[in-house]
Each structure stands twice: as C-alpha cells, then as structure tokens.
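Test case, fold it:
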Amino acid sequence: MKSKSFSAAAAAILVLPVAAHAFEVEGADLGLAYHDEIRFGSDLTAIDGRMDLRFGKIGTQLEAAQYTYETRGVHAAGVHVYYEISPRLVAGGVYTYEDWEGSTYQTYGLEAGYDAGKWGGEAFYLASTDLDAPDYDTDILGVTGFYGLTGAITLGGHVATLSGGEEGRSLGVAGSYAFRNGLVATLGVNDEEYNGTSVTQTTLGLRFVFGATPTFGHRDFVAVFPGY
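All right, here's what the predicted structure looks like:
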C-alpha cells in the first residue's frame, strides 16, 4: 500500500510540470472608450478587458466590461471556450452575464474566427434572455471583419441584427493605429436602428495589448450594439 501511494504521488508530481507547460497565457488587453449620441440621450464611457488562455488547441477567453451612461451603469462578464481547427480558424461557444442595475441578462452563443494575418473576421449567433422576464428572448446575428493596410493601420467593420424581444440592426466602420509599445488608438462610426428609432454615433478608443490580441471580440449587448 505504501509503495502504491508513493507511486501515485510521484506520478502526480511528474504530471504537474506537464500541465503547467500546457497552460499558456496567449495575450490580454485593457481598453477605454468614449461613445457619443447614445439612444438613452447620454454619452457612454466604457472600460473593458480580456485575457486569452490556451491549453494546446483548446482555448478560453475571459472578459469583463463596465459601461457608464449619465443615468445608469452596466456590468458585463463573459467566457469563451474554443478549439483551434487550423492555425487560422477557431470555433467555439460563448456565455455572457449582464447587470443593467436591476435587470439581468444571460446570453449563450456560437462563434467562429478566421485570421489570415493581414485580414480576417468573426461570425457569431447569440441568444439572450432577460432573467427577470424569461419570455423576453432576443436573437443576435453578427459579422465583423478587418484588413491591415500597413503594419500599423487597420480598417474594420461590423454588421449585426437584432430580432425577437426587440428589432434592430447595427452597421459600423472603424480605423485603428497600433503604436510600437502595444497601445492602439481607434476611431469608429456606427449607424444603428432600434424599433424604428435611428442613431448615429462615433467612438474614440484607446487599448493596450499585452502579448497577442485576444481571439474574440466582446459579446455583451453594448459591445455589439454600442449605440443602444
């Protein structure tokens, strides 16, 4: 019995370095953004962060965000789990939880991302439920894309549709400049519509990237529909 216990302990000790070696922080970022002309009639500031962890071909991305309107705040957190199908293609699922100061929502979704280096994009489907009104369900479909003009300048865009509990759509374009120290500056314009009400807003953002850029964009509602 003593010999078996020693063998099991020795095996566990040998496995620990292998597990530690398999675990890797791929990259992380921290962002700050200002949005004007929001549907609620107030500007919006956002601070968010992401961390990408890899276990061989399996990855998980953790994210959190704090959005502040003039009259209310929104807290959001999410987790992605994905698989590297090829060096350029990943696919997986996502879960987010949002607290709108009294109203809470949870979202499940499927997503895929393709990165060819100079260009790439993401596609996602999200199903969101109001936990205070379970019959209030919303479906979201979205596509994002980017193209690198130079090593520092990148152009991007997105399209998203909203159906079910609310009807709407979002169209946006953006340009970013990456400095050598990991700082990225972004300017974007979004045109959005909700239940017949339209809003056009601009976004100014700064983001600091640690290591590689995280695999997926944020999937909380405000991140997909920043003009809401």
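
my read: residue 81 touches residue 93, true?
Yes: using C-beta atoms under 8 Å, residue 81 is in contact with residue 93, at 5.8 Å. C-betas here are computed from N, CA, C, even on glycine.

From residue 73, how far off is the nearest residue in space to residue 89 that is not next to it in sequence?
Leaving aside its chain neighbours, residue 89 sits nearest to residue 114 (5.4 Å; criterion: C-beta to C-beta, 6 or more residues apart in numbering). As judged by C-beta to C-beta, to the nearest Å, residue 114 and residue 73 stand 34 Å apart.

Who has more neighbours out of those two?
residue 114 (16 against 12; other C-beta atoms under 10 Å).

Correct me if wrong: that one contacts residue 91.
No: using C-beta under 8 Å, residue 114 makes no contact with residue 91, being 9.5 Å away.

Other residues contacting the helix or strand hosting residue 91?
Taking DSSP states H and E as the definition, residue 91 sits inside strand 89-99. Outside strand 89-99, the residues that touch it by C-beta atoms under 8 Å, 6 or more residues apart in numbering are 59, 74-85, 104-114, 124, 126, 215-216, 219-221.

What subset of those residues is buried?
59, 74, 76, 78, 80, 82, 84, 105, 107, 109, 111-114, 124, 126, 215-216, 219-221 (16 or more other C-beta atoms under 10 Å).

Restricted to strands, list the residues you listed.
59, 74, 76, 78, 80, 82, 84, 105, 107, 109, 111-114, 124, 126 (DSSP state E).

Farthest-apart pair in those residues, please.
74 and 84 (31.7 Å; C-beta to C-beta).

Helix or strand next in line after the worst-scoring helix or strand of the chain on mean pLDDT, which one?
One helix or strand of the chain scores below all others by mean pLDDT, DSSP states H and E: helix 2-22, with a mean of 42. Per DSSP H and E, the first helix or strand lying C-terminal to helix 2-22 is strand 23-35.

so where is this structure shaky, pLDDT-wise?
1-22, 37-41, 228 (pLDDT under 70).

how deep is residue 42 tucked in, by neighbour count?
By other C-beta under 10 Å, the residues close to residue 42 number 14.

Tell me the strands beside the strand holding residue 91, with direction?
strand 73-84 (antiparallel), strand 104-115 (antiparallel) (DSSP bridges).

hey, C-alpha coordinates of the first one in PDB?
Right, the one you point to is strand 73-84. Taking Å, rounded to 0.1, in the frame of the first residue of the first chain, the C-alpha atoms of strand 73-84 are listed here in PDB:
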ATOM      1  CA  GLY A  73     -24.400  51.700 -15.400                       C
ATOM      2  CA  VAL A  74     -24.000  48.200 -16.900                       C
ATOM      3  CA  HIS A  75     -21.700  45.500 -15.700                       C
ATOM      4  CA  ALA A  76     -20.800  42.600 -18.000                       C
ATOM      5  CA  ALA A  77     -18.700  39.500 -17.800                       C
ATOM      6  CA  GLY A  78     -18.200  36.600 -20.200                       C
ATOM      7  CA  VAL A  79     -16.300  33.400 -21.100                       C
ATOM      8  CA  HIS A  80     -15.400  31.900 -24.500                       C
ATOM      9  CA  VAL A  81     -14.300  28.300 -25.000                       C
ATOM     10  CA  TYR A  82     -13.000  27.400 -28.400                       C
ATOM     11  CA  TYR A  83     -11.000  24.900 -30.500                       C
ATOM     12  CA  GLU A  84      -8.200  25.700 -33.000                       C
END
